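Using only what follows, build the 3D model:
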Amino acid sequence: MSAVLTLVKGCFQWIFRLLTGRLSAVEPSSTLVVVVVSEGRHLPQKLPADWDVLQLKQAVAPKFGLRHTQLDIVLAGKRLNNSTLIQDCDLGPQTILHAVKLKKNENQSPTVQEDDEGSKPLSETLLDLQLNDEERRNLPDSEKAKVKAHFYVSCNTCNKMQEGKLRVRCKTCKIGAFTVHADPQSWQDVLEPNQITGECLNEPSCSVIHHNIGPTYAEFYFKCTKHVSEGEKDSSVPLYLIKANIKDIPCLACSDVSETVLVFPCDCGHVTCLECFRHYCTSRLSSREFLFHPQFGYTLSCPAGCENSFIKETHHFKLLTDNQYKQYQRFAAEEYVLQSGGVLCPQPGCGSGILIDPHCTKITCIHGCGYVFCIKCRQGYHIGECSDTLDNGDCGGPSNYNIDPSKAIEACWDLASKTTIRIISKPCPKCRTPTERDGGCMHIVCVRSGCSFEWCWVCQTQWTRECMGAHWFG
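As a prediction, the model looks like this:
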């Protein structure tokens, strides 16, 4: 009876975790599916998560025609200890493990157990990259679990910020059968090339080993922990300004102490919680106060006004909602066009960016709505001098007449009418009289007294034989 009750209780607990989202993709007691790679051969392998590395070697070695004493298992830049449990290796579904054939002088007895940290996965030995050398040396063993390195990435598959895991491969051959000579100690070691050397075990394919040319460098990259691995080419952008708040520093805006914070790249390293960072971005976005940096793009700096504090990796702005991020991308593209000497199409509902010839006055929105306009006045293209017929008349007045800008927007009597006219009509190229086409051909004759200019509805220029042949009836 007790066995039945235990089974029923277990079922209810499983259903509860499933409904509340607490059922992880891979539980410690479940069966893992990994891909063991050796000399180009891929072997999908199911194994219990409570196995150790020695048991994994014993299971896969015969399938490669080897004894288990002839294999090493490599993950994230480290040869794994025989006694290391698979469930402690930060694996996910379809994780790739590299089985490397040992050289003759490297054969080990299966009973030999390495005690050094280098035989553990990089994710187990790596401390938070915020710590400096002195802090690492003076850190008691009891504190190491608290300051274990945590990473956050912008995952395109999940389309949001997720926890990430650090992986390493050979810079030359891009294969993960690679061991590092030293753990990275800072973000510079991880993000910048040629910082950490190591040994590529992809013999004899790797050109560095085959030709013995110079040092062999590690290439670090990040993967999302939440979705099934798509192989060694699967990577995510690291959000390196987002860090675990191991020093319990309060947010510069709300003064709360959060577990996960964003640290601005200023000399002071100002800290903000993620909620306040989103609010900061949203407020600057709504007022178009992002700054266009020639090197880093459309970005923000530290809200405290610190110098040299621009956010270089703009994927941090994906913390905004999808709609806000799309708006950010649109504003960034528009700003790039303007900074490059281009213009935005003035037609309502379009706004496409157009790069122009400096001496050109007639602009056509080729990749957008097709609107043809004058570069000087942004109205439909016309012959002769520009006029202020439609846009001469803001809501202001004499210089000594002060108004409330917010109320002035509501007091624009003709604003809706002007917008409607621009959408459904085009101005005569000669006199700029708004003209609405209600059918028929593209040959338009201006009905304004004294004008009678014949023009093309498509080209918005004088009617010619080319217009007649190309698009007389559409």
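
so what's the nearest residue to residue 150 once chain neighbours are set aside bridging to?
With sequence-adjacent residues excluded and distances taken as C-beta to C-beta, 6 or more residues apart in numbering, residue 150 is closest to residue 244, at 4.5 Å. Placement of C-beta: from N, CA and C, glycine included. Beta-bridge pairing for residue 244 (DSSP bridges): residue 260.

residue contacts, residue 244?
Contact partners of residue 244, counting by C-beta atoms under 8 Å, 6 or more residues apart in numbering, are 128, 150, 259-260.

can I get those in TSV with neighbour count, pLDDT and distance to residue 164?
Below are the contacts of residue 244 laid out as TSV (neighbours: other C-beta atoms under 10 Å; pLDDT from 0 to 100; distance: C-beta to C-beta, whole Å):
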residue	neighbour count	pLDDT	distance to residue 164
128	19	81	14
150	18	86	9
259	11	90	16
260	14	92	13
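
Among these, which one sits closest to residue 48?
Residue 48 lies nearest to residue 150 out of these, by C-beta to C-beta, at 27.0 Å.

wouldn't the closest one be in contact with residue 243 here?
Yes: between residue 150 and residue 243 there is a contact at 7.5 Å, judged by C-beta atoms under 8 Å.

tell me which of the contacts of residue 244 is nearest to residue 180?
Taking C-beta to C-beta as the measure, residue 180 lies nearest residue 128 of the contacts of residue 244, at 17.8 Å.

got a list of what the residue nearest to the closest one when sequence neighbours are not counted touches?
Setting aside the residues directly before and after it, residue 128 is nearest to residue 147 in space (C-beta to C-beta, 6+ apart), at 4.7 Å. Shown in contact with residue 147 (C-beta under 8 Å, 6+ apart): 127-128, 131, 139, 246.

try residue 309
Residue 309 is in contact with 264-266, 270, 301-302, counting by C-beta under 8 Å, 6+ apart.

Residue 183 reaches residue 131, doesn't it?
No: using C-beta under 8 Å as the test, residue 183 is too far from residue 131 to be in contact (11.9 Å).

Roughly how far does residue 202 sit from residue 176?
When distance is defined by C-beta to C-beta, to the nearest Å, residue 202 is 9 Å away from residue 176.

if I look at those two, which residues touch both of them?
Shared contacts of residue 202 and residue 176 (C-beta under 8 Å, 6+ apart): residue 170.

Please indicate which of the contacts of residue 147 are buried?
Buried members of the contacts of residue 147, scored by 16 or more other C-beta atoms under 10 Å, are 127-128, 131, 246.

can you put those residues in a markdown table and add distance to residue 99?
As requested, the buried ones among the contacts of residue 147 are arranged in a markdown table below (distance: C-beta to C-beta, whole Å):
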| residue | distance to residue 99 |
| --- | --- |
| 127 | 28 |
| 128 | 31 |
| 131 | 33 |
| 246 | 36 |
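
Could you measure from residue 314 over to residue 306?
According to C-beta to C-beta, residue 314 stands 18 Å off from residue 306.

typed the wrong thing, it's residue 244
Counting by C-beta to C-beta, the gap between residue 244 and residue 306 amounts to 22 Å.

likewise residue 46?
In terms of C-beta to C-beta, residue 46 sits 52 Å off from residue 306.
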